[in-house]
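>>> I would like to see how this sequence folds:
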Amino acid sequence: MQRLTHLALLGTCTLVLAACKTDDLPIAGINQKPDFLTSDIVQQRYDNADNDLLTGGLGASGLASATAPAPADPLNPTAAELRTLAIYNNYRALVDTTAGGGYGTLYGPQVDAEDSEGRIQGDEYLALITLDDRDVPATVMLQIPDRFDPDNACMVTAPSSGSRGIYGAIGTAGEWGLKKGCAVIYTDKGTGTGAFNLMTGAGQTLLGQTTTDATAQRQFQPDLSASDQAAFNADWPDRFALKHAHSQTNPEADWGQYVLKSIEFGFYVLNEVYGDELPNGKIRVTVKPANTLVIASSVSNGGGASVRAAEEDRRGLIDGVAVSEPNVNPTVENGFSIRQGNAAPVSDHSRSLLDYTTALAVYQGCANLAPDVRDNAPFNAVLNDAAVDDNICSALAAKGLVSGADTDTRAMDAQRILNETYGVQPEQNLVAPSHFGAAVAQSISMTYANAYGRFGVEDRLCGLGYAATNASTGAVEPLADTTEATLFATSNGVPPSAGIHQVFDDASGGPTNLALSTSPSSGLPDYGLDALLCLRSLALGRDAVTGAPLPDDQAAQAERIADGIRAIRASGNLRGTPAVFVTGRSDAILPINHTSRPYFGLNRTVEGARSQLHYYEVLNAHHLDAFNAFPGFDERYVPLHRYYVEALDRMYAHLSTDEALPPSQVVRTTPRGAGAPAITHANVPPIADTPEEADRIVFEAGEVVVPD
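Down below sits the predicted model:
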């Protein structure tokens with residue numbers, strides 16, 4: 001397996017994989033380096049207890065530890081130290097690592113593993129790629145476990161969730177694929193954690209180390225001339241540009257292409273390792289689409305990227321799709337509605353991510369105080385400031401956006417608006433306050449408005465930027481050097497994260513951390529509601545308060561954003577590819593009436609009887625399993641990750657042994673209850689092979705019908 005030791009020495013030309021899973025690659029089946037590679041390929045062998053592919057040498061127990069691994073020299077972490085820290089943080093961000101929640105019994109590196117700590121030996125290959133003539137690179141990475149069998153080859157895609165970096169799917173698609181003996185192909189899909197310090201010119205290299213060397217190849221650098229950058233710094237010192245928000249490429253429009261290119265990269269490297277070496281030194285392709293099982297997978301944004309890849313796969317690279325809580329923005333199809341139980345049908349489905357997320361950013365802070373939510377939502381009092389939430393209610397009432405004479409009635413009206421107007425399911429109401437406290441909707445609104453409109457950091461959309469801030473005053477200050485040195489490993493790519501915060505430049509008193517901002521229009525510390533309403537107006541294309549047309553400059557911004565949203569809409573056409581979606585009904589980040597449910601209906605509308613999409617909606621499950629480690633969540637919610645693993649198991653069995661996929665259905669789980677006793681298989685029964693008729697999700701008579 002060690003024949004390929006320095007890929008950087010190989011020549012460059014185009015790799016075009018064969019269509020329809022048929023036969024050899026072109027040019028007599030000779031392996032050729034893809035022309036979309038823009039860096040050397042860095043190879044590293046991981047074959048001992050100090051380091052491995054899956055756990056970074058930490059093992060299952062180290063991943064579960066509350067103590068993060070620390071660099072020996074905090075100012076100068078090594079690439080190996082950053083990798084281990086990145087694996088630790090990315091794994092724990094997506095998976096509940098408490099034993100009572102199922103770690104070590106239902107899932108985890110150590111479950112059904114040869115090594116007691118779940119360590120996996122093998123080789124890792126990293127590189128940068130670009131699409132077309134774009135200057136902003138994406139990262140790709142192939143992990144080949146030693147168990148990989150080229151004569152029974154399989155590959156799993158692992159695009160990162162959220163805006164995370166290259167290890168953003170290590171605990172989901174990565175873990176499953178490596179344990180199965182498959183090669184795992186990762187990509188940050190053009191988002192990633194690339195942060196650029198505009199004052200110092202510091203950015204991250206492919207391996208994550210921070211450098212101010214202007215000649216170094218970095219993951220992201222904004223498109224600003226030296227003079228423009230200096231002028232920006234003079235007006236707005238100590239700011240950061242972030243890759244997802246400020247690359248000016250709308251990366252989501254190309255998520256599918258990034259995944260498809262990553263698969264091509266995977267085949268190239270696999271053949272450099274396992275292909276037949278010819279007398280002339282060239283390599284004949286032996287691992288190819290026709291003899292390799294390829295599953296497009298991952299969760300959240302990564303799941304959405306794999307879905308888009310399957311829609312755009314015209315070369316037969318992908319055999320099946322298995323994703324969890326995918327971020328899909330289905331093309332709006334008014335020909336069907338969604339009905340849960342005996343509730344009124346939802347016809348206003350398929351709102352865009354920016355539409356419903358800006359609505360959550362504006363209204364959720366007030367809804368946190370609705371009596372039932374205030375008294376029962378886990379972490380509400382811990383993560384949210386009731387005084388600020390009260391100010392939000394007051395400011396919304398003054399603008400005529402909620403009704404009521406007191407906080408309780410205003411908060412209940414805000415909750416009603418989210419449920420009735422914006423299609424947020426009641427099951428999501430108790431989860432959403434914790435997400436507002438973690439700035440989920442606020443951060444997504446800012447990042448995606450910038451990305452969809454292809455705005456640069458210099459545009460300061462809605463008066464918002466990124467910087468470190470003082471903990472008590474919220475004033476902008478330089479980011480600590482030790483914090484900046486580990487951004488690759490600690491940032492999730494969507495601030496607030498890793499010491500970088502959202503800053504409202506137009507706040508009363510000057511630039512302030514958005515969460516601590518006082519809005520000029522209200523004179524209240526209301527979480528910078530003016531900025532959030534600005535983002536909401538851009539999403540709507542009209543003034544969010546008055547409904548009036550926007551001023552010309554904002555109207556132009558809104559149209560750019562609308563163009564970007566049109567570019568990321570999913571077609572619903574999976575081309576007959578077998579697919580499994582698992583989604584939690586309590587998902588408060590990607591509401592199911594705008595994502596998985598309407599995608600199921602759109603797919604049935606587009607593909608009809610040819611559709612092979614199977615949709616499993618899991619009760620008492622939400623988007624962020626990591627929250628299940630905390631009081632309140634542990635009693636109420638079960639790990640969706642357990643069903644993601646089952647989805648992959650079932651898809652693998654379907655593709656390899658023709659085992660039938662169960663019909664679409666509601667999966668009825670049992671929460672752990674008071675005191676949160678250790679979860680058992682009884683709490684999370686398997687997806688039923690033959691579900692009761694009353695549990696089946698169907699598309700009939702122009703409706704997606706979902707049982708209560």
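
>>> now stretch 477-497: buried residues?
Of the residues in stretch 477-497, 479, 484-497 count as buried by neighbour count, 16 or more other C-beta atoms under 10 Å. Backbone N, C-alpha and C define where each C-beta goes, glycine included.

>>> residue contacts, Tyr637?
Tyr637 is in contact with Val431, Gly584, Ser586, Asn620, Ala621, His622, Phe627, Asn628, Pro671, counting by C-beta atoms under 8 Å, 6 or more residues apart in numbering.

>>> so the fourth one: helix, strand or coil?
In other words, Asn620. State at Asn620, reduced to three classes by DSSP: H, G, I helix; E, B strand; the rest coil: coil.

>>> and Asp96, how close does it get to Thr84?
21 Å (C-beta to C-beta, to the nearest Å).

>>> of the two, which one has the most company?
Neighbours were counted for Asp96 and for Thr84 using other C-beta atoms under 10 Å; Asp96 has more, 28 against 25.

>>> just give the nearest non-adjacent residue to that one, would you?
If you skip the residues right next to it in sequence, Asp96 has Asn628 as its closest partner in space, 4.3 Å away by C-beta to C-beta, 6 or more residues apart in numbering.

>>> wasn't that neighbour part of a strand?
No. Residue assignment for Asn628, taken from three-state DSSP, gives helix, which places it outside any strand.

>>> that one: neighbouring residues, count only.
Around Asn628 sit 28 other residues, with neighbours defined as other C-beta under 10 Å.

>>> equivalent analysis for the one 4 residues further on, please.
Counted with other C-beta under 10 Å, the burial measure for Gly632 works out to 18 neighbours.

>>> what's near enough to touch it?
Gly632 makes contacts with Ala377, Pro378, Phe379, as judged by C-beta under 8 Å, 6+ apart.

>>> can you do 10 Å?
Counting by C-beta atoms under 10 Å, 6 or more residues apart in numbering, Gly632 touches Asn376, Ala377, Pro378, Phe379, Asn380, Val382, Leu430, Ser434, Ala676.

>>> ok, now Gly122?
Counting by C-beta under 10 Å, 6+ apart, Gly122 touches 1, 44-47, 52-54, 142-148, 178, 181, 183-184.

>>> give me the subset of those lying in strands.
Among the contacts of Gly122, the members falling in strands (DSSP state E) are Gln44, Arg45, Tyr46, Leu142, Gln143, Ile144, Pro145, Ala183, Val184.

>>> tell me what the first one is bridged to.
Counting by DSSP bridges, Gln44 is bridged to Glu124.

>>> which secondary structure elements does whatever helix or strand Ala309 lives in sit against?
Secondary structure from DSSP states H and E places Ala309 in helix 301-312. Taking 3 or more C-beta pairs under 10 Å, 6 or more residues apart in numbering; DSSP states H and E as contact, the helices and strands that helix 301-312 lies on are strand 153-159, strand 183-187, helix 255-274, strand 292-299, strand 320-324, strand 579-584, helix 596-607.

>>> in TSV, list the ones you listed along with mean pLDDT.
Output for those, formatted as TSV (pLDDT from 0 to 100):
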stretch	mean pLDDT
strand 153-159	98
strand 183-187	98
helix 255-274	98
strand 292-299	98
strand 320-324	98
strand 579-584	98
helix 596-607	98
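
>>> these: which one's closest to Tyr452?
Taking C-beta to C-beta as the criterion, Tyr452 comes closest to helix 255-274 out of the helices and strands packed on helix 301-312, the separation being 13.0 Å.

>>> give the partner strands of the helix or strand following the closest one in its sheet and their orientations.
Sequence-wise, the next helix or strand downstream of helix 255-274 (DSSP H and E) is strand 276-277. Applying DSSP bridges, strand 276-277 is found paired with strand 283-284 (antiparallel).

>>> got any ranges where the stretch 401-550 of the chain has weak pLDDT?
Applying pLDDT under 70 to the predicted model, the stretch 401-550 of the chain contains no residue that meets it.

>>> which residues in it form strands?
The residue ranges that make up the strands of the stretch 401-550 of the chain, judged by DSSP state E, counting those that start in this stretch, are 464-469, 476-477, 501-504, 512-513.

>>> please identify the deepest-packed of those.
By mean neighbour count, with neighbours taken as mean count of other C-beta atoms under 10 Å, strand 501-504 ranks first of the strands of the stretch 401-550 of the chain at a mean of 28.

>>> and that one, what other elements does it pack with?
Taking 3+ C-beta pairs under 10 Å, 6+ apart as the contact definition, the neighbouring helices and strands of strand 501-504 are strand 239-242, helix 440-452, strand 464-469, strand 512-513, helix 529-540.

>>> ok, which of the ones you listed comes nearest Arg566?
Proximity of these to Arg566 was assessed by C-beta to C-beta; the nearest stretch is helix 440-452, lying at 9.3 Å.
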